[in-house]
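Asker: Here is a sequence with its predicted model. Questions after.
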Amino acid sequence: SEGATDFLSLDPRDIARAVTLQDFAVYRQITPVEYFEDLWGLERSSPNDGLMRFSETTNHAMFWVVNEILNEPNPGQRVRVIKHFLKIAKLCRKVNNFNTMFAIISGLSYGAVGRLRTTWAKVGQRHVKSVAEFQELMNPSRNMFNYR
């Protein structure tokens, strides 16, 4: 499809750079007070919605991944889209943009994407292993032990 072709023509480094700058712009709007009020479940003293915008950014990125993959009707192109997202996730990890990395891995792990068995069979073991490694890194058990 034209959308996937356009996406695949973009350099993963440029995409990783752009989403990292976007994440940072939203992240820096979160105030310490807002963070602690949310963390401890306190009544909000300020109207700042930085955390909500940051969460929305993550969800938007995850569904972007899902949509790019599911909207591609050609299985071969779909494989290329998945590999492209994996490259972006690796680059995000390299620059410590765990937010977008997590969003990409969440998108790749989304139920409808995970059920594309024919596509995943063509992705190759090395790339499937990379997804599993990212999932393990972001495993929330033991208080995010692997992430720390």
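Answerer: Good, I have the coordinates. Numbers count the residues shown, from 1 in each chain.
Asker: how deep is residue 135 tucked in, by neighbour count?
Answerer: 15 (other C-beta atoms under 10 Å). All C-beta spots, glycine's among them, are computed from the backbone N, C-alpha and C.
Asker: contacting residues for it?
Answerer: By C-beta atoms under 8 Å, 6 or more residues apart in numbering, the contact set of residue 135 is 105, 109.
Asker: Quick check, pLDDT for it.
Answerer: Here, the pLDDT recorded for residue 135 equals 71.
Asker: Relative to residue 99, how far out is it?
Answerer: Distance, residue 135 to residue 99, using C-beta to C-beta, to the nearest Å: 16 Å.
Asker: pLDDT averaged over stretch 71-89, what's the number?
Answerer: 95.
Asker: list the buried ones in that stretch?
Answerer: 72, 77-89 (16 or more other C-beta atoms under 10 Å).
Asker: What part of the chain, helix or strand, is modelled with the least confidence?
Answerer: The helix or strand of the chain with the poorest confidence is helix 141-144; it has a mean of 50 (mean pLDDT, DSSP states H and E).
Asker: can you tell me which residues contact the residue sitting furthest away from the middle of the chain?
Answerer: Note on the chain: the largest C-alpha distance from the chain mean falls to residue 45, namely 30.7 Å (C-alpha atoms, centre = their mean). Contact partners of residue 45, counting by C-beta under 8 Å, 6+ apart, are 33, 37.
Asker: Tell me how far it lies from residue 34.
Answerer: When residue 45 is compared with residue 34 (using C-beta to C-beta), they lie 9 Å apart.
Asker: likewise residue 120?
Answerer: Using C-beta to C-beta, one gets 39 Å for the distance from residue 120 to residue 34.
Asker: And for residue 16?
Answerer: Residue 16 sits 27 Å away from residue 34, taking C-beta to C-beta as the criterion.
Asker: likewise residue 20?
Answerer: From residue 20 over to residue 34 (counting by C-beta to C-beta), the distance is 22 Å.
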